[in-house]
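# structure, please.
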Amino acid sequence: GGVCMRWMKKAAVAVMAMVIFLPVYAESSLSPKDAYETARKDYLCAWMSMAAYDDPISQLGRNMLVNEHWKLSKASVSDELGHARFLIAMSGDKEERPLLILSVAGTTDYTDVKADLSFDKTLWDSSAAAPDKTQNLPKVHRGFKRYADSIWNTQLDTMTVSQILNRQASEGDILLTGHSLGGAVSTLLGVKMIDSGLNQHLEVVTFGAPAVGNPAFVDTYESLLPLKRIVNSGDPVQSVVQKVVKNYTQIGSEERWKPVEGSHYFSHRMMVYLDTAIRNYYDARDAYEKSGGHIPENIPASPPSFFILPLQVTTDDALASDIPYMKKITADYYQKQLPGAIMGTEGKTTEEALYLARQNGCRYVLENELTARTIPSKNNEIQITFMQTLRTVDGHVISYSEYRMPARDMTPIEAALYVAAKVKPSI
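Coordinates of the predicted model:
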């Protein structure tokens with residue numbers, strides 16, 4: 001199940017791309033266009049789920065959303081039993097049906113998840129029956145329910161989250177998303193919306209989320225909740241509830257993702273889900289364009305200032321498959337962030353770039369180089385070096401910057417985007 005609805009006519013080259021709500025089909029049966037729209041929605045959900053955390057890449061995600069004219073509200077709910085962080089984003093496109101995305105942050109490691117599981121199941125609807133008649137009633141994980149209830153009742157400015165969702169349901173579309181515990185909580189928020197009769201324009205997409213309820217819960221809500229659970233191969237957390245506590249069942253349609261070969265990162269981490277979402281998005285976009293599909297160009301409103309050469313990347317063999325994605329995600333970033341940026345094509349020399357920049361009325365030429373090296377002596381840590389040269393169109397060097405960092409809490413593709421955002425051309 002799902003809801004077909006289009007929103008936003010923004011340029012698709014935007015790093016925070018648009019979304020179309022589609023029915024959940026087997027991936028192989030999708031047309032190139034539908035596969036692209038689905039990958040685009042997953043990409044946005046992955047960025048939103050990442051942005052709910054507090055890592056450096058999460059901060060970058062929030063900055064990009066704001067630059068894409070999303071209005072963000074970041075909040076957290078704390079009590080003696082835990083801490084739930086969540087993010088609400090409202091689309092800023094006034095011409096289209098509004099979209100609200102609520103994402104919930106998860107816990108960060110396996111021990112946290114096991115601690116979350118120390119709670120027993122509780123009745124989903126506590127008014128449903130006397131305690132001795134509860135055998136086959138919907139029950140859910142007590143800790144997840146507490147988080148969902150807390151978020152539902154959280155006051156943001158003048159309204160509670162439930163009132164905001166109520167208002168949005170009458171005006172636009174709602175996407176609930178989250179990673180790990182956050183995915184479990186966003187699932188229960190979706191069920192709370194169904195109980196309130198607000199399931200017309202709702203969809204839930206989760207990443208590595210554990211099971212939330214018993215078979216009676218699943219039987220009651222499976223057909224009502226448009227839920228896609230994205231699970232990385234090798235992610236132990238999505239099945240941990242069923243293994244630790246009896247009588248839990250997963251809900252929704254499962255889509256299995258395969259993280260890139262040879263990755264040294266724990267497959268449950270949100271940055272690994274985001275990495276796969278980035279690859280899937282660009283693969284689907286390329287396939288759609290090859291099939292004759294049209295992706296709207298980002299037509300600059302302002303006269304062109306920058307002529308930008310494609311990122312030059314040098315990596316060791318293990319990271320070679322990352323190179324095309326590094327080039328694409330940084331090109332998209334620059335096109336969105338720099339007024340009137342014109343992207344050069346591969347294989348141009350600096351001289352040719354200067355000539356083309358003058359022909360196009362640009363004022364500057366930007367050249368970026370990135371090296372990514374795996375360091376076996378440091379537990380296969382990946383060291384990123386980024387070099388940026390800014391020239392006037394007559395060839396005069398205005399600035400040269402160099403930035404080095406280990407890709408610790410981000411994959412190499414995410415690190416390429418992060419350093420491109422970090423090293424801004426200084427005019």
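# can you give me the helices in the stretch 51-200 of the chain?
56-67, 110-116, 142-153, 161-171, 181-195 (DSSP state H, counting those that start in this stretch).
# please identify the deepest-packed of those.
For those, the largest average neighbour count (mean count of other C-beta atoms under 10 Å) is found in helix 181-195, namely a mean of 26. Quick note: C-beta positions are derived from backbone N, CA and C, even for glycine.
# and that helix, what does it pack onto?
Contacts defined by 3 or more C-beta pairs under 8 Å, 6 or more residues apart in numbering; DSSP states H and E place helix 181-195 against strand 99-104, helix 110-116, helix 142-153, helix 161-171, strand 173-179, strand 202-207, strand 227-232.
# what's the angle between the third one and strand 99-104?
Just to be clear, that refers to helix 142-153. Computed by axes from the mean of the first three to the mean of the last three C-alpha atoms, to 10 degrees, the angle separating helix 142-153 from strand 99-104 equals 140 degrees.
# distance from helix 142-153 to the middle of the chain?
The chain centre lies 23 Å from the centre of helix 142-153; the measure is C-alpha atoms, centre = their mean, to the nearest Å.
# pull it out as CSV, backbone CA atoms only.
Taking C-alpha atoms only, helix 142-153 is exported to CSV below (Å, rounded to 0.1, in the frame of the first residue of the first chain):
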residue,chain,number,x,y,z
ARG,A,142,6.9,-0.5,26.4
GLY,A,143,10.0,1.6,25.8
PHE,A,144,9.2,2.4,22.1
LYS,A,145,5.6,3.3,23.1
ARG,A,146,6.8,5.6,25.8
TYR,A,147,9.1,7.5,23.3
ALA,A,148,6.2,7.7,20.7
ASP,A,149,3.8,9.0,23.3
SER,A,150,6.3,11.6,24.5
ILE,A,151,7.0,12.9,21.0
TRP,A,152,3.2,12.9,20.2
ASN,A,153,2.6,15.2,23.2
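# among the helices and strands packed on helix 181-195, which comes closest to Leu319?
With C-beta to C-beta, the closest approach to Leu319 among these belongs to strand 227-232: 19.2 Å.
# apart from its chain neighbours, what residue comes closest to Trp257?
When the adjacent residues along the chain are set aside, Trp257 lies closest to Thr276, with 4.8 Å between them (C-beta to C-beta, 6 or more residues apart in numbering).
# which regions of this structure sit below the pLDDT cut-off?
For the chain, applying pLDDT under 70 flags the ranges 1-28, 79-82, 95, 108-119, 128-135, 242, 244, 262, 298-301, 339.
# for Lys71, find the nearest of the helices and strands packed on helix 181-195.
Closest among these, once you apply C-beta to C-beta, is strand 99-104, at 9.7 Å.
# list of residues touching that closest one?
Strand 99-104 is contacted from outside by 7-8, 19, 44-45, 48-49, 51-52, 84-91, 147, 151, 161, 164-165, 168, 172-178, 181-183, 185-186, 189, using C-beta atoms under 8 Å, 6 or more residues apart in numbering.
# now do that strand against helix 56-67: the angle between them, please.
Between strand 99-104 and helix 56-67, the angle comes out at 160 degrees (the same axes, to 10 degrees).
# partners of strand 99-104, with directions?
For strand 99-104, the paired strands and their directions (DSSP bridges) read strand 82-90 (antiparallel), strand 173-179 (parallel).
# only alpha carbons, please: show it as PDB.
Presented in PDB, the C-alpha positions along strand 99-104 are these (Å, rounded to 0.1, in the frame of the first residue of the first chain):
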ATOM      1  CA  LEU A  99       5.200  18.000   2.800                       C
ATOM      2  CA  LEU A 100       6.000  17.500   6.400                       C
ATOM      3  CA  ILE A 101       8.700  15.000   7.400                       C
ATOM      4  CA  LEU A 102       9.200  13.900  10.900                       C
ATOM      5  CA  SER A 103      12.400  11.800  11.600                       C
ATOM      6  CA  VAL A 104      13.400  10.200  14.900                       C
END
